[in-house]
Structures are given as C-alpha cells and as structure tokens.
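Enquirer: This is a predicted model, with the sequence first.
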Amino acid sequence: ISQFAYEQSKLHLKLDNKPFSVIHNGCNIPDIRDINEPAHLLKKPFLFSIGQLHSRKNFHVLPPLLKGNEDELIIAGINDTLYAKKVMDEARRHNVEKRVRLIGTITENEKHWYFKNCKAFVFPSIGEGFGLPVIEAMYFGKPVFLSTHTSLPEVGGDAAYYFNDFSPESMQCVFEKGMNDFTNNDRTQTVKQKADLFDWNKNAKEYLEVYRNLF
C-alpha cells in the first residue's frame, strides 16, 4: 500500500526476485450534504487527530500546539490505554489539559464532521503503513501537519507540512508558518487535488492488472 511498506518488506522478508506492485489506498468520499452535527458542538477552533491511542501514534507531542492560543485539541479513537494517560499528563505539564479532549470512538458521520470543521489536521505518527486519515483530511481541503516518519511523506507529498522534530518550539514554529502559508497562499485546492489522486476506482484497476499479469 506504499513504497515504504515495500521497503520494509524487503528488510524483513525473503522476497528474492518475486514481482511486486505498490498500490496506494483510495479514499471513501462522503456526501457532504449528509454530514450532521455531533451532539456536543465545539465553540472554539480546534485541531483534530484520529487513531488508536498507542505510542506509535505519538499524540503526546501535540498539546504544546495549544500554547499561546485558545484552540482545542480533539483526538478520536480507542483511548482505554495506558498511553492515553501519557497524552493527558503532557497536556497537564503544558497547562492545557482543559483544552485536550480524548473523545473515544466516533461514527463515520462524526469523523467527517470533525474533518470538515477542524482548523487543521495534526498527525505526528511514527508508525504508518499508509495513513488514510491524511487523505481524508485533504479531501476536505484542510491544512495537514505530519511527521517525517514511515509512509507519511509519501502520502502527504508537497501538499502537507512536516514537523522536523518533536520539540515544542520546533512544532509550534512549523505549525505557525504552515498555517500562514496555507491561508496567505490559499492552498485549499492544492490539498484537494492531492486527495483526488487516491481513488478506489484507480486502486481496483491496478489490482485487476496485477491479477491479469499472474494468469
């Protein structure tokens, strides 16, 4: 599903000269007209992220992005883990715990609402084989901030912004410069065009071509 995944396979599996194909995932495109508001509306601008709260998602580096502003951080996903406590410990350490919300699992409709209405999508993961939420956020034309690890640069390309490291000062700088660039240069269409490259119809045709070449 990514060039990165293939490179990892070469490192850990004995592939010899077996043929391979890299076929990126597509993106499920919702009907925006059918996105309903969640029960608890947010009154402040918010940053959004999603994924199971495990250490490889690296969510604990995000709370410093709330310093010096009134934004909230919404993280959706299974949160009955020890790592969830680490995320909130970091929020308390930076005195922003009242603006960090771990909302647990959400419906597809709720997920699309958060994508549609967030100020930015932040995804500092250090362990992705692809990173589908990145494409979902881009479909909604949102500024996307990623780590430089694993498959994320491959998926985000030049339509995303990247945290060079995870120190609070560096992340704050990248976020501020990225938001200014996104707003001042109106990069919404650039982001949406990037998302359009990840299409399930294209994905299916590429798989069919693989099957045809095998028989």
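Expert: Okay, I see it. Numbers count the residues shown, from 1 in each chain.

Enquirer: What's the end-to-end length of stretch 128-143?
Expert: The stretch stretch 128-143 measures 19 Å between its terminal residues, going by C-alpha to C-alpha, to the nearest Å.

Enquirer: How about stretch 41-57?
Expert: 26 Å.

Enquirer: what's the offset of that stretch from the middle of its chain?
Expert: 10 Å (C-alpha atoms, centre = their mean, to the nearest Å).

Enquirer: Could you do stretch 151-158 as well?
Expert: 10 Å.

Enquirer: same thing with stretch 100-109?
Expert: With C-alpha atoms, centre = their mean, you get 14 Å for stretch 100-109.

Enquirer: which parts of that stretch are buried?
Expert: By 16 or more other C-beta atoms under 10 Å, the buried positions in stretch 100-109 come out as 100-103, 106. C-beta here means a position set from N, CA and C on the backbone, and glycine is covered the same way.

Enquirer: just the residues you listed now: which is nearest residue 54?
Expert: Comparing the buried residues of stretch 100-109 against residue 54 with C-beta to C-beta places residue 102 closest, at 12.9 Å.

Enquirer: on that earlier part again, which of the buried residues of stretch 100-109 sits closest to residue 1?
Expert: residue 106 (23.6 Å).

Enquirer: that older thread, now tabulate the buried residues of stretch 100-109 in CSV and tack on pLDDT and distance to residue 144.
Expert: Listed next are the buried residues of stretch 100-109 as CSV, based on pLDDT from 0 to 100; distance: C-beta to C-beta, whole Å:
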residue, pLDDT, distance to residue 144
100, 97, 20
101, 96, 20
102, 96, 21
103, 95, 20
106, 93, 19
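
Enquirer: Thanks again, I'm all set now.
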